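>>> Okay, sequence plus prediction incoming.
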Amino acid sequence: MSYSQKSVSVFSKNVITSSDSSSEQSEKIMKKTDSCTQTRPARRRKSTLTQKQYISSGTIQRCISKNIKRITPSERPKRRKILLMDWKRFHKLDVIYSFMNELEKDFPAICTVYVIGKSVEGRDIKMLKISNSNASNDAVWLDGSIHSREWITTAVVTYLADFIVRNFQKISTSITNKDWYIVPVLNPDGYVYTHTRDRMWRKNRRRHDDEFVGVDLNRNFSFGWGINGEEGSSEIPNNVFYRGPAPFSEPESTAVRDTVLSAPTPFKVFLSFHSYYELIIFPWGYKTDPCPDYLRLLEGGAIMARAIFENSGIIYKVGSTKDLTYYACGTSTDWSYAIAKIPYSYMIELRSKKYKFKLPKEQIIETCYEIKEAVQALMKFVDQPTQISKNLSNS
Ligand SMILES: [Zn+2]
C-alpha cells in the first residue's frame, strides 16, 4: 500500500471534557504547560453584552426581561474537548494522533500526515512526514511503540517531531536536509491495549484459533526470519517472541516495508526505538558475524552514546544486536540494513534498566533531551562522508 492516502480522521475519544465551571481551570493548565501542543478547543462564545444591550438587541428584544434567565443558559460555552500534548506524562493514542494532525495544520509547508496502513484491528497507522521538499534530501525513518508497552519510545519520537518542526528555521542543515518519516505508534492496537487492559502487552493483537495471541512485530520482518529456531524468535503463538506464520504476515510490519520501499527519497538512517536496556544496537541480530559496515555503525553509535552521556551522564552501550543482547531474527533493523539498504540502521533501547518498562513520567523529558542530542549528532555524522568525498574530488 502506498502512503499517499492523507489522513483526515481526528479521534475524539478519551478526551478531557470541561464544563463551564472547570473551563477556567483547564485554561490555567494549558497556560502552565510549556512546550506543548494542543488541539484548539471550540471557541468560547463571548458573552460580552450587558443585560441592557441584550434588551436593546433586535433579536432578543422579544424575550425581554422576564425571559432573560432562560436566555442566559444558552450563553454558556459548549462542552469542550481538550487534547493536551506534552512530555510530562504518557499519552493515549488519540492524543498522539491529534498532536500529529495539529502539527500538520500549524506547519502545512513542511508537515504532512499519512495513513500508511491499518492495524490488525483496523486502526490507522499514522505517519508524519517533515520535509522542505528539496529533491536532494535523504530520508530518515523514526518509529516508536512497535512493542506497545515501551511507551517512552512514543514520547521520544513525538518530542523529536515537535522539536524539528518548531525549530526548522534555525536548526542545523544536517536536520533540515532530510525528509523525516516519523511513526510514533507503529503498533496502535497493542498501544491501546496497554492503556486499557494489560500494561505489559508487547505484540500486536493478531488472533490465532480465536485467541488474541499477537505477533511480535520485531520478529516478523523477512530478513533472517525464522532462523535459529526458538533462540531468535518463536513459532509458538503464545510465546512473547512469536514471529507470525510468515514474513510480513502482519499489516503493521508490511506498512513499514511498503512505505520505505516506495519512498521517493533514498533512506540514509533508520532508527527504531525500544526500551529499556539503554543500548544502541545495529545489525546483525540474526547471526553473530559482524555486518559489512560494522565499524561505521559502531562509530555512529558511539557518537550518539557520547552525545547522550554529555547531556545526561547516562551510559548507553553500543554494539551489534547479537553481541549486546541475544539472537533476534526477523527484526526491522536487520531488514532495513540488508534489504532496504539503509546504511545507518539502529535500534535504540531507551531508559531504563532500573524501572524497566515503567519509566517514571518525571524522566520522560530528560530522555527526550538526551535522544535529541544523539539524533542531532548522528545527522551531522551521516552527512560527513559526502563532504569528505566532495573534498576528495575537489583536490
Ligand atoms: Zn522492544
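Received the coordinates, thanks. Worth saying up front: this structure is predicted, and the values here are computed from it rather than measured.
>>> Report the separation between Val213 and the ion.
18 Å (CB to the ion, to the nearest Å). The way it works is simple: take the backbone N, C-alpha and C, and place the C-beta from them, glycine included.
>>> Next one: that residue, what pLDDT does it get?
You'll see Val213 listed with a pLDDT of 92.
>>> What is the neighbour count of the nearest residue to it once chain neighbours are set aside?
Using CB to CB, 6 or more residues apart in numbering and skipping residues adjacent in sequence, the residue nearest Val213 is Pro237, 4.2 Å away. Applying other CB atoms under 10 Å, we find 18 residues neighbouring Pro237.
>>> pretty sure Pro237 is touching Phe212, no?
No - contact criterion CB atoms under 8 Å: Pro237 and Phe212 do not qualify, at 10.1 Å.
>>> Would you mind listing what in this protein touches the ion?
Proximity of the chain to the ion (CB under 5 Å from the ion) is limited to residues 147, 274.
>>> where do the strands sit along the chain?
Ranges of strands within the chain are 16-18, 37-38, 80-82, 84-85, 111-118, 124-130, 138-143, 178-183, 207-208, 211-212, 267-275, 279-282, 317-320, 344-350, based on DSSP state E.
>>> quick check, distance from the fifth one to the centre of its chain.
Centroid separation for strand 111-118 versus its chain: 12 Å, with CA atoms, centre = their mean, to the nearest Å.
>>> can you give me the angle it makes with strand 178-183?
Here the directions of strand 111-118 and strand 178-183 differ by 40 degrees (axes from the mean of the first three to the mean of the last three CA atoms, to 10 degrees).
>>> swap in the longest one?
For strand 267-275 and strand 178-183, the angle between their directions (the same axes, to 10 degrees) works out to 30 degrees.
>>> I'd like the numbering to begin with 55 instead of 1 from here.
Sure, I'll start counting at 55 from here, so that last one is strand 321-329.
>>> May I have the residues that are in contact with the closest residue to the ion within the stretch 205-354 of the chain?
Residue nearest to the ion within the stretch 205-354 of the chain: His328 (3.3 Å; CB to the ion). Shown in contact with His328 (CB atoms under 8 Å, 6 or more residues apart in numbering): 200-201, 204, 207, 272, 401-404.
>>> what does Tyr400 give?
By CB under 8 Å, 6+ apart, the neighbours of Tyr400 are 323-326, 334-336, 351, 354-355, 358, 387.
>>> Only the buried subset of those residues, as a ChimeraX command please.
To isolate the buried members of those in ChimeraX, using 16 or more other CB atoms under 10 Å:
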select :323,324,325,326,334,335,336,351,354,355,358,387
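>>> now the contacts of Tyr400 in a markdown table, with distance to Ala193 and pLDDT?
Formatted as a markdown table, the contacts of Tyr400 follow (distance: CB to CB, whole Å; pLDDT from 0 to 100):
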| residue | distance to Ala193 | pLDDT |
| --- | --- | --- |
| Val323 | 8 | 98 |
| Phe324 | 9 | 98 |
| Leu325 | 12 | 98 |
| Ser326 | 15 | 98 |
| Ile334 | 20 | 98 |
| Ile335 | 21 | 97 |
| Phe336 | 18 | 98 |
| Leu351 | 18 | 97 |
| Gly354 | 16 | 98 |
| Gly355 | 20 | 98 |
| Met358 | 18 | 98 |
| Thr387 | 16 | 98 |
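>>> and the residue of the stretch 205-354 of the chain closest to the ion, what are its bridge partners?
Here His328 sits in beta bridges with Glu403, going by DSSP bridges.
>>> What about the nearest residue to Asn188 once chain neighbours are set aside, how many residues nearby?
Distances taken as CB to CB, 6+ apart place Asn231 nearest to Asn188, at 6.8 Å, with adjacent residues excluded. For Asn231, the neighbour count with other CB under 10 Å is 14.
>>> same deal with Asp243?
Asp243 has 26 nearby residues by other CB under 10 Å.
>>> Low-confidence ranges, the chain, go.
For the chain, residues meeting the criterion pLDDT under 70 lie at 55-137, 439-449.
>>> For the residue most central in space within the chain, which residues are in contact?
Of all residues in the chain, the one closest to the mean position by CA atoms, centre = their mean is Pro238, 1.4 Å from it. Shown in contact with Pro238 (CB under 8 Å, 6+ apart): 150, 154, 180, 182, 197-199, 208, 211-212, 215.
>>> Give me the subset of these that lies in helices.
Mapping the contacts of Pro238 onto helices (DSSP state H) picks out 150, 154, 208, 211-212, 215.
>>> want to throw the residues you listed into a markdown table with neighbour count?
Below are the ones in helices among the contacts of Pro238 laid out as a markdown table (neighbours: other CB atoms under 10 Å):
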| residue | neighbour count |
| --- | --- |
| Ile150 | 25 |
| Met154 | 27 |
| Thr208 | 24 |
| Val211 | 26 |
| Thr212 | 27 |
| Ala215 | 22 |
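>>> Could you chop the protein up by domain?
Per automatic domain parsing, the domain ranges recorded for the chain read 70-136, 142-448.
>>> Please identify the deepest-packed of those.
domain 142-448 (a mean of 20; mean count of other CB atoms under 10 Å).
>>> How far does that domain sit from its chain's centre?
With CA atoms, centre = their mean as the basis, the mean position of domain 142-448 lies at 8 Å from the chain mean.
>>> tell me the contacts of the closest residue to the ion within the stretch 55-204 of the chain?
In the stretch 55-204 of the chain, the residue that lies nearest the ion is His201 (3.5 Å; CB to the ion). Taking CB under 8 Å, 6+ apart as the contact definition, His201 lies against 207, 241, 244, 256-257, 270-272, 328.
>>> for Asn191, same thing?
So Asn191 contacts 185, 231-233, 319 (CB under 8 Å, 6+ apart).
>>> Likewise for Ser366?
Per CB under 8 Å, 6+ apart, neighbours of Ser366: 420, 423-424.
>>> out of these, who's nearest the ion?
When the contacts of Ser366 are compared against the ion (criterion: CB to the ion), the nearest one is Glu424, at 18.3 Å.
>>> That closest one and Arg360 touch, don't they?
No - checked against CB under 8 Å, the pair Glu424 and Arg360 is beyond contact range at 11.1 Å.
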